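>>> here is a sequence together with a model predicted from it:
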Amino acid sequence: MSDLAKIPATVVTGFLGAGKTTLIRHLIESSKGHRLAVIVNEFGDVGVDGDILKNCAVPDCPAENIVELANGCICCRVADDFIPAITALLELDPVPDHILIESSGLALPKPLLKAFDWPAIRSRVTVDGVIALADAEAVAAGRFAPDIDRVDAQRLADESVDHETPLSEVFEDQIACADIVLLTKPDLAGPDGVAQARAIVEREAPRAVPMIEVSEGTVDAQVILGIGAAAEDDLAARPSHHDGVPEHDHDDFDTIVVDVPEAESADDLAARIETLARLQNILRVKGYASVRGKPMRLLVQGVGTRIRHQFDRAWEPGEDRQGRLVVIAEHEDIDSEAIRSILVPEELVQ
């Protein structure tokens, strides 16, 4: 089957909190008669991003076209999760015009691209392109390598140690696979930060790739969809730190889910999350919470000490208003007791 007869799929990759869900939400809301389907993958067993996207479903991308794969990295669970998910989307009536795949912030894109060579998929789907989102402020600050001093100390202590931190490898693999890089949150980075982020991406990219500054996920779909890259046939040009390695896992990262009681205010909860990120070297916090006296559910998204929150929808009648937050950190930084003591201090325990 020629590529023209195949359904195009776009892989959206990028580090934690770079803005992948915001981008896909914009694409859904601006679909304009283009039938979309979405696979969203989360690192952790409490779905947040999938719920956000389903809440903005439109006729051209209804809720049943949005598949959420939680509690398992998509690049590690190709046979168990990804193949059945994309097969189910191909059985929809009408068939989608385009499939968007949001990988988790910790996913390596190349194993996912290899999945498109499976016979059941290769004849029906082609990888239109890989879009990598890079948080300009975070990249400029080097936060994908959170503890450079520790790595340098290891290298000084043992000359045989010459490996990069896991976060930098994830970032570099995502950039190496990209057809287009979107530099997000340029307002927070400022002109100097954006310039520095551009230089870092150019240094890490194995080939020249277009870079576009994007605020709040707003980008013309014509720019990032319809690339026609057929990335599944172009793997050699997309090097990975894991090339030649038969398997990989994500033991470097871990998550815990914390049930949080009703907050006195949104700012109070945000302050606790900021304290957690500062004291425990947390990469990402996301989830929902209930605020006293408020009929709306509070959506919380945190990247490092940068916390954003908003009331996203009303609580449904009879819905459990239990707040739940997913906390992601490198494995050695996960201290469940310390994390819970900050997010749920004793005065809030009833």
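Perfect, thanks for sending it. Numbers count the residues shown, from 1 in each chain.

>>> quick check: the closest residue to Thr218 other than its chain neighbours vs Phe171, distance?
Spatial nearest neighbour of Thr218, chain neighbours left out: His26 (5.7 Å); criterion: CB to CB, 6 or more residues apart in numbering. C-beta: built from backbone N, CA, C; applies to glycine. From His26 over to Phe171 the distance is 23 Å, taken as CB to CB, to the nearest Å.

>>> who has more neighbours, the two?
Phe171 (26 against 19; other CB atoms under 10 Å).

>>> ok, that one to Gly226 distance?
For Phe171, the distance to Gly226 equals 26 Å [CB to CB].

>>> give the buried residues for the helix or strand containing the residue nearest to Thr218.
Using DSSP states H and E, the element containing His26 is helix 20-29. Buried residues in helix 20-29, counted by 16 or more other CB atoms under 10 Å: Lys20, Thr21, Thr22, Leu23, Ile24, Arg25, His26, Leu27, Ile28.

>>> what pLDDT does the fifth one get?
In other words, Ile24. Looking at Ile24, its pLDDT stands at 87.

>>> also the first one?
According to the predicted model, the pLDDT of Lys20 comes to 88.

>>> for it, give me its contacts.
The contact partners of Lys20, by CB atoms under 8 Å, 6 or more residues apart in numbering, come to Val12, Thr13, Gly14, Asp49, Glu102, Ser103, Gly105, Leu133.

>>> need those in JSON lines (columns: pLDDT, neighbour count and distance to Arg340).
Output for the contacts of Lys20, formatted as JSON lines (pLDDT from 0 to 100; neighbours: other CB atoms under 10 Å; distance: CB to CB, whole Å):
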{"residue": "Val12", "pLDDT": "94", "neighbour count": "26", "distance to Arg340": "32"}
{"residue": "Thr13", "pLDDT": "91", "neighbour count": "28", "distance to Arg340": "31"}
{"residue": "Gly14", "pLDDT": "87", "neighbour count": "28", "distance to Arg340": "29"}
{"residue": "Asp49", "pLDDT": "48", "neighbour count": "24", "distance to Arg340": "23"}
{"residue": "Glu102", "pLDDT": "88", "neighbour count": "28", "distance to Arg340": "29"}
{"residue": "Ser103", "pLDDT": "85", "neighbour count": "26", "distance to Arg340": "28"}
{"residue": "Gly105", "pLDDT": "73", "neighbour count": "26", "distance to Arg340": "23"}
{"residue": "Leu133", "pLDDT": "94", "neighbour count": "27", "distance to Arg340": "31"}
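
>>> what about those residues, which are in strands?
Among the contacts of Lys20, the members found in strands (DSSP state E) are Val12, Thr13, Gly14, Glu102, Leu133.
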